[in-house]
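A.B. asks: Dropping the sequence and predicted coords here.
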Amino acid sequence: MNEKYNVYLVSDSTGETLDRIFLSLKSQFANFDYEKKEFAFVRTEQQIDKIIKECSEQQNSIILYTIVETKLAKYISVVSEKNNISCFGILGNLILNFSKLLNQKAIHKPSAQHVLDEEYFKRIEAIQFTMYHDDGKKLDDIAKADIVLLGVSRTNKTPTSIYLANRGYKTINIPLVLDQKIPDDLKSHNNKTCVVGLVADPERLSEIRRNRVAIMKDNNIKEYTDLNHIKDEVNKSKKLFNKYKWPTIDVTRRSVEEIAASILKIFEIKRNK
């Protein structure tokens, strides 16, 4: 039986960066049993002392931290070592090496990545736009979208749209259902919006839909989960994408991040044409 580890993620900001890094790190180890605790906006020695005390009371404690203020970063490293706690600074050496490379001193300011600049407001605008146009809503201003996603139900349209919006791309997703019309603007060869079709393996879709129906406790939509009906849906969507020469991505067992990365490659190619 594998040992269980207590992982403490300590950040002087929101902790988003550290959480993503840990997500990538843990994915490299198949047998990593752990319990995670997150501490955001840690900016005093007193806060660190409380975390160290808790770590000391647990077995197999590991601290990962992103603290850019030099004195505080050194403090957590020193007190962890004194208490025999494994402690790893994620940004320390990277900032130092970058500082040497750029030949300038780092500002060591917490939350500096969240400064309210033009990029920030662009991202907020994209999120608002995307939420407002979710699931085929408000298609009259589709020309304002950077990316349009099409696909049958449960092909990850909404989560992928939100992820892209968080990257600053105004995204509309349109479900391919009987009463949903595709805007004529999209069908034009002169259309500048990046249109991408999403497809998935019918058997996988059927499984996902059955799970959703079970949660909703609605057994009156047999067609929705029927494998033959889903195969027909997927085939029709593929024909539609081929007809208008829209690039297609198979989302079967792919993460939202992977799907979005493929979409952005298509977006860049179209933009540079």
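C.D. replies: Nice, thanks for sending it over.
A.B. asks: Please count neighbours and contacts with C-alpha atoms only from this point.
C.D. replies: Fine.
A.B. asks: next structured bit after the helix or strand hosting Glu125?
C.D. replies: Using DSSP states H and E, Glu125 sits in helix 118-132. Using DSSP H and E, the helix or strand that follows helix 118-132 in sequence is strand 147-151.
A.B. asks: Just want the angle from that following strand to helix 118-132.
C.D. replies: 30 degrees (axes from the mean of the first three to the mean of the last three CA atoms, to 10 degrees).
A.B. asks: what packs against strand 147-151?
C.D. replies: helix 157-166, strand 171-175, strand 194-199 (3 or more CA pairs under 8 Å, 6 or more residues apart in numbering; DSSP states H and E).
A.B. asks: pLDDT averaged over that strand, what's the number?
C.D. replies: Mean pLDDT, strand 147-151: 96.
A.B. asks: so what strands line up beside that strand?
C.D. replies: strand 171-175 (parallel), strand 194-199 (parallel) (DSSP bridges).
A.B. asks: angle of that strand against helix 157-166?
C.D. replies: 170 degrees.
A.B. asks: Mind listing residues that contact strand 147-151?
C.D. replies: 157, 161, 169-176, 193-199, 237, 267 (CA atoms under 8 Å, 6 or more residues apart in numbering).
A.B. asks: got the CA coordinates for that strand in CSV?
C.D. replies: Provided in CSV are the C-alpha atoms of strand 147-151 (Å, rounded to 0.1, in the frame of the first residue of the first chain):
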residue,chain,number,x,y,z
ILE,A,147,-14.4,31.7,-32.3
VAL,A,148,-17.6,29.7,-32.9
LEU,A,149,-18.0,26.1,-31.8
LEU,A,150,-20.6,23.7,-33.2
GLY,A,151,-21.4,20.3,-32.0
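A.B. asks: Could you give me the buried positions within it?
C.D. replies: Ile147, Val148, Leu149, Leu150, Gly151 (16 or more other CA atoms under 10 Å).
A.B. asks: Just name the most buried of the helices and strands packed on strand 147-151.
C.D. replies: strand 171-175 (a mean of 27; mean count of other CA atoms under 10 Å).
A.B. asks: after it, next one along is what?
C.D. replies: Next along from strand 171-175, by DSSP H and E: helix 184-187.
A.B. asks: can you redo the helices and strands packed on strand 147-151 as JSON lines with mean pLDDT?
C.D. replies: Output for the helices and strands packed on strand 147-151, formatted as JSON lines (pLDDT from 0 to 100):
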{"stretch": "helix 157-166", "mean pLDDT": "93"}
{"stretch": "strand 171-175", "mean pLDDT": "95"}
{"stretch": "strand 194-199", "mean pLDDT": "96"}
